[in-house]
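[1] give me a model of this one.
(2 chains)
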Amino acid sequence: MHLRDLVAARVVEALTRAQADQSLPTVPVPAGLVERPQNTDHGDFASSAPLKLARTMRMSPMAIAEKLAEFIDTDGEISAVDVAAPGFINFTLAPEWLQEQVDQVLSAGNAFGSTEAGKGQKIQVEYVSVNPTGPLHIGHARGAVLGSVLSSVLAAAGYEVSREYYLNDAGNQIDLFHQSLFATYLQALGKDAEVPDNGYRGQYMVDLGKEMAEAHGSKFLDMLSDEGVVALGKIGVEHMIEGIKNDLATLNVEFDVWFSETSLYTDKYYDTTMKMLADGGHLTQREGATWFVSTELGEDKDNVLIKSTGVPTYFASDAAYHYNKFTVRGFDKVTNIWGADHMGHIGRVKAVVGALGIDRDKLNIIIGQMVALKRGGETVKVSKRTGDIITLKELLEEVGPDACRYFFLARSADAQMDFDMDLAIKESQDNPVYYLQYAHARLAGILRNAKENDKDFAQGDVHLLSTPEELTLIRHLLMLPEIVDSIVDTMEPHHLPHYTLELATAFHSFYDRCRVITDDEALTSARLKLVEASRIGFSRCLSLMGMNAPEKM
RNA sequence: GUCCCAGUAGCUCAGUGGAUAGAGCGGCUGCCUUCUAAGCAGAUGGUCGCGGGUUCGAAUCCCGCCUGGGGCACCA
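    Numbers count the residues shown, from 1 in each chain, chains lettered A, B, ... in the order given. Below you'll find the model as predicted:
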């Protein structure tokens, strides 16, 4: 249980006692009793419960506040409870208790910040899942960063997390890729060939065709034409997947499972799913195609599962995929991170999940909004088909993975953003990322200095940490578990970089005002404890965000 | 046409029912013989897109409108 819950529990407990005592009328208790006030003059926590209860209790908010405050004990973590107009109760944390938490952080070590909000629950986060028909571009990076940070935070909250990439390794687009590659391969061999009309025609396809020709010669020409296209195509797809994996690794994004779409068919999950939908009366035949009757489940329109050609749609695969996630693999929760161009799929996928007898609220879909790329003040149109793209690889070479991650992470997923390359490159010189990393480097520097001077601070007395800067730093440090829980609660990881920035401000201010290593041995030891605790905090935040925590800068 | 997202400081964005709306960057003023100045301290900067409504209280919730973006295929 994190600190805010602890204080909220005290309010509920006090309210219960006041009601049992008949000091306050017995009425239902509203939710959200305690918050962090934005103005620090109002204490560490505030409750607006009296304002919320005034109507149902038929009393003035101030009278409720006064009465309720009497029932709240000032001991342990709370040193003061104050009533403020028009009906707030403000709580102040006890300096002694704050000081002692430094020892608690030290004993928690790298587990500091972890909570138990998701204990015993299996959650899957599926992200990126880009077709292996081209390199990753800047828009994909946003989903990649979101997914990887969300996964890390979920794990910190005690969830058993599985990070998954859904690989579309069959179907129309793959066929088209095969044909496109065969064409550029032929061209590389000096033959006449045309990339199909809707095919993939970027420079990367030309390069790949050349590479294939150099590595394999005319080998694929000698096969029957279809066999050659497929054989070459498979090698090409493998090549694209390797490239995607490399780019993601550079961005520090990893997966536990690479799930093959084809396996849904070879392992019969597709057949099982279609049968379940048929048995449930969710299917109908129309114009030679098989439709999912989603209109009966409140959707705008029905959706085709099997085309009149007999070929299943992407949506059919998706139905089988979600059946597999929930029913076969038994995830308690599933989060899909999709691009804005998939917005229209949310309703029907949720509908089909419900039709398969699964609680549709277990499926959470996060939409990463569009990233418009700007360069030299111009918006660059991104299209994989025409090959007019800024690849993730190029982006990482220019901006660097840490700055790139921060840039995407600090914005909420549902806000569209302009990624101004010029600005991002410029900012990489003087940028919030360095502000955070510099804090870690400074902390590491102090600890290095202490070691060189043989300072052993194990016996340091944390009660000597009494300046406003020290206490402010401790206060901010202790917010981490709350941040972790609130990210899990809202599924919005963008709170983490903002919190880390505030923590860095508290630290830099402390660094400026409180010299750590001095002739005062006792104070030095106490401050070294705070420095080590802070280093643990920064290291955890940076690692959750997938960023480097440098020892020196 | 319809559904979804966004509109907050010069710029990029937080804040989504509470007290005087915040941060970073840019611009302005100070601060390096001391563990890293990639830093600190301070000042300046806002009709929270517009208009109604609900509420003790609205940037936050409801309705309408304006602007920008996206979704509405037997594509993925």
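
[2] A:Thr295 and A:Thr284 touch, don't they?
    No: using C-beta atoms under 8 Å, A:Thr295 is not in contact with A:Thr284, being 10.3 Å away. In short, each C-beta sits where N, CA and C put it, glycine included.

[3] residues touching A:Glu299, list them.
    A:Glu299 makes contact with A:347-348, A:351, according to C-beta atoms under 8 Å, 6 or more residues apart in numbering.

[4] of all the residues you listed, which comes closest to A:Leu465?
    Ranked by distance to A:Leu465 (C-beta to C-beta), the contacts of A:Glu299 are led by A:Gly347 at 54.1 Å.

[5] which secondary element of chain A has the worst mean pLDDT?
    Ranked by mean pLDDT, DSSP states H and E, the helix or strand of chain A with the weakest confidence is strand A:378-380, at a mean of 64.

[6] stretch A:374-394: end-to-end distance?
    Stretch A:374-394 has an end-to-end distance of 14 Å (criterion: C-alpha to C-alpha, to the nearest Å).

[7] sorry, that was for stretch A:411-431
    One end of stretch A:411-431 to the other measures 15 Å (C-alpha to C-alpha).

[8] quick revisit: the least confident helix or strand of chain A: what's the following helix or strand?
    Scanning forward in sequence from strand A:378-380 by DSSP states H and E, the next helix or strand is helix A:392-399.

[9] what's that next one in contact with?
    So helix A:392-399 is in contact with A:135-138, A:140-141, A:247, A:250-251, A:404, A:407, A:421, A:424-425, A:428, going by C-beta under 8 Å, 6+ apart.

[10] now, which of the residues you listed sits nearest A:Ala289?
    A:His140 (31.4 Å).

[11] helix or strand for that closest one, which one?
    helix A:138-156.

[12] okay, the angle between that helix and helix A:392-399?
    Orientation note: helix A:138-156 sits at an angle of 80 degrees relative to helix A:392-399 (axes from the mean of the first three to the mean of the last three C-alpha atoms, to 10 degrees).

[13] neighbouring strands for whichever helix or strand comes after helix A:138-156, and are they parallel or not?
    Per DSSP H and E, helix A:138-156 leads on to strand A:160-167 as the next helix or strand towards the C-terminus. Strand A:160-167 pairs in its sheet with strand A:122-126 (parallel), strand A:257-260 (parallel), by DSSP bridges.

[14] just the ones you listed: most buried one?
    strand A:122-126 (a mean of 23; mean count of other C-beta atoms under 10 Å).

[15] starting at the chain centroid, how far to that one?
    Centroid displacement of strand A:122-126 relative to its chain, using C-alpha atoms, centre = their mean, to the nearest Å, is 12 Å.

[16] is that strand anywhere near RNA strand B?
    No: using C-beta under 7 Å from any atom of the strand, strand A:122-126 stays clear of RNA strand B, coming no nearer than 14.5 Å.

[17] run through who's touching that strand.
    A:147, A:150-151, A:154, A:159-166, A:325, A:329-337.

[18] what about the residue in the stretch 301-450 of chain A that RNA strand B sits nearest to, which SS state?
    Closest to RNA strand B within the stretch 301-450 of chain A is A:Gly344: 2.0 Å, counting by C-beta to the nearest atom of the strand. Three-state assignment for A:Gly344 (DSSP: H, G, I helix; E, B strand; the rest coil): helix.

[19] burial check on it, number of neighbours?
    8 (other C-beta atoms under 10 Å).

[20] if we can go back for a sec, touching both of A:Thr295 and A:Thr284, which residues are there?
    With C-beta under 8 Å, 6+ apart, A:Thr295 and A:Thr284 have common neighbours A:Asp302.

[21] coming back round to it: per-residue pLDDT, the residue of the stretch 301-450 of chain A closest to RNA strand B?
    A:Gly344 is assigned 87 on the pLDDT scale.

[22] what's the distance between the most centrally placed residue in chain A and A:Arg360?
    By C-alpha atoms, centre = their mean, the mean C-alpha position of chain A lies nearest to A:Leu150, the distance being 2.4 Å. Distance of A:Leu150 to A:Arg360, given as C-beta to C-beta, to the nearest Å: 20 Å.

[23] and the contacts of A:Glu299 as a markdown table, adding distance to A:Glu398, pLDDT and neighbour count?
    Formatted as a markdown table, the contacts of A:Glu299 follow (distance: C-beta to C-beta, whole Å; pLDDT from 0 to 100; neighbours: other C-beta atoms under 10 Å):
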| residue | distance to A:Glu398 | pLDDT | neighbour count |
| --- | --- | --- | --- |
| A:Gly347 | 38 | 92 | 17 |
| A:Arg348 | 39 | 94 | 20 |
| A:Ala351 | 42 | 94 | 22 |
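
[24] closest to A:Gly310 among those residues?
    Each of the contacts of A:Glu299 was checked against A:Gly310 using C-beta to C-beta; the closest is A:Arg348, at 21.0 Å.

[25] quick one: name the residues of the stretch 451-553 of chain A near RNA strand B.
    A:492, A:494-495, A:498, A:501, A:504-505, A:508-509, A:511-517, A:550-553.

[26] redo that, cut-off 6 Å
    Counting by C-beta under 6 Å from any atom of the strand, the residues of the stretch 451-553 of chain A close to RNA strand B are A:494, A:498, A:501, A:505, A:508-509, A:511-512, A:514-517, A:552-553.

[27] what residues does the host helix or strand of A:Asp5 touch?
    Using DSSP H and E, A:Asp5 falls within helix A:3-20. Under the contact criterion C-beta under 8 Å, 6+ apart, helix A:3-20 has outside partners A:1, A:24-26, A:29, A:33-36, A:45, A:47, A:49, A:67-68, A:70-73, A:77-78, A:89, A:91, A:478-479, A:481-482.

[28] in strands only, show me the residues you listed.
    In strands, judged by DSSP state E, the following of those are found: A:34-35, A:45, A:47, A:78, A:89, A:91.

[29] quick one: contacts for A:Pro95?
    A:Pro95 is in contact with A:79, A:466, A:471, counting by C-beta under 8 Å, 6+ apart.

[30] at 10 Å instead, please
    By C-beta atoms under 10 Å, 6 or more residues apart in numbering, the contact list for A:Pro95 reads A:79, A:463, A:465-466, A:470-471, A:474.

[31] what's the closest of those to RNA strand B?
    Using C-beta to the nearest atom of the strand, the shortest approach to RNA strand B within those belongs to A:Glu470, at 11.4 Å.

[32] distance check, the closest one against A:Tyr499.
    If you go by C-beta to C-beta, the gap between A:Glu470 and A:Tyr499 works out to 19 Å.

[33] repeat that for A:Ala170.
    43 Å.

[34] over to A:Arg36?
    Relative to A:Tyr499, and taking C-beta to C-beta, A:Arg36 is found at 11 Å.

[35] looking at the two, which one has more neighbours?
    More crowded of A:Arg36 and A:Tyr499, by other C-beta under 10 Å: A:Tyr499, with 19 against 15.

[36] part of a strand, is the more buried one?
    No: read with three-state DSSP, A:Tyr499 is helix and lies in no strand.

[37] for the residue nearest to it when sequence neighbours are not counted, give me its contacts.
    Counting by C-beta to C-beta, 6 or more residues apart in numbering, A:Tyr499 lies nearest to A:Ile483, which is 4.7 Å off, once chain neighbours are set aside. Counting by C-beta under 10 Å, 6+ apart, A:Ile483 touches A:2, A:113, A:115, A:153, A:156, A:493, A:495-496, A:498-500, A:502-503, A:541, A:544.

[38] let me know the pLDDT of A:Thr386.
    Confidence score, pLDDT, at A:Thr386: 47.
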